[in-house]
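S.K.: predicted structure and sequence below. I'll ask about it afterward.
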Amino acid sequence: MKLIVLDRDGVINEDSDAFVKSAEEWIPIPGSIEAIAYLSKAGWKVAVATNQSGLARGLFDMTDLTDMHLKMQQLVMEQGGQIDLIVHCPHGPQDGCNCRKPLPGMFRTIAEHFRLPDLKGVPAVGDSHRDLHAGLVLGGKPYLVKTGKGQRTLQNILPPGTQVFDDLASVVDHLLKADG
């Protein structure tokens, strides 16, 4: 099975230091929706793993988050693709959970969902260190995009083996070329 794990904010949609709080504020990065659809149509399973501490902070509620994810899924479906799984961490940084990236809880949930013992070799695409490190715990391959917080992340030492791309569309082009 070909599987990819994507961060959401800064990878699929525009990020905001003030948080993305509604479907109206959820704006796709150019090319990201089409890229997900291309992967899906090429036989890849697409999972999204996203920290959503805005829930714990009271900035939005589950209805708002569901609306954002429905919008994302609808846009991908309109391009002929699908997102197979979305997992989120609703906790704040101080809540002591195991799911908030860089901890591996969401990645374990993804592996279990797809009945995999680990995520060895699975591309984990993110724009921050926490995304890259969370994917590495279960053997994923880190891919950094320069969108979102990616330019800031580039200013620090990256995990070994991290591949850097301009955006999600560039990652997908690379993966599909590697597929042959």
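M.R.: Received, thanks.
S.K.: which strands border the biggest strand by length in the chain, and is each parallel or antiparallel?
M.R.: The longest strand of the chain (DSSP state E) is strand 45-51. Using DSSP bridges, strand 45-51 pairs in its sheet with strand 3-6 (parallel), strand 85-89 (parallel).
S.K.: what's the lowest-mean-pLDDT helix or strand in the chain in contact with?
M.R.: Sorting the helices and strands of the chain by mean pLDDT, DSSP states H and E puts helix 129-137 at the bottom, at a mean of 92. Residues outside helix 129-137 that contact it (C-beta atoms under 8 Å, 6 or more residues apart in numbering) are 5, 7, 11, 49, 51, 101-104, 106-107, 119, 122, 124-126, 141-142, 144, 153, 156, 158-159, 162. Just so you know, the C-beta spots here come from the backbone N, C-alpha and C atoms, and that holds for glycine as well.
S.K.: got the CA coordinates for that helix in PDB?
M.R.: The C-alpha trace of helix 129-137 is given here as PDB (Å, rounded to 0.1, in the frame of the first residue of the first chain):
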ATOM      1  CA  HIS A 129      10.000  20.300  13.100                       C
ATOM      2  CA  ARG A 130       7.100  18.700  15.100                       C
ATOM      3  CA  ASP A 131       5.600  17.300  11.900                       C
ATOM      4  CA  LEU A 132       8.900  15.800  10.700                       C
ATOM      5  CA  HIS A 133       9.800  14.300  14.100                       C
ATOM      6  CA  ALA A 134       6.300  12.800  14.700                       C
ATOM      7  CA  GLY A 135       6.600  11.000  11.400                       C
ATOM      8  CA  LEU A 136      10.100   9.700  12.100                       C
ATOM      9  CA  VAL A 137       9.100   7.900  15.400                       C
END
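S.K.: out of the contacts of helix 129-137, which are buried?
M.R.: Buried by 16 or more other C-beta atoms under 10 Å: 5, 7, 11, 49, 51, 101-104, 106-107, 119, 122, 124-126, 141-142, 144, 153, 162, out of the contacts of helix 129-137.
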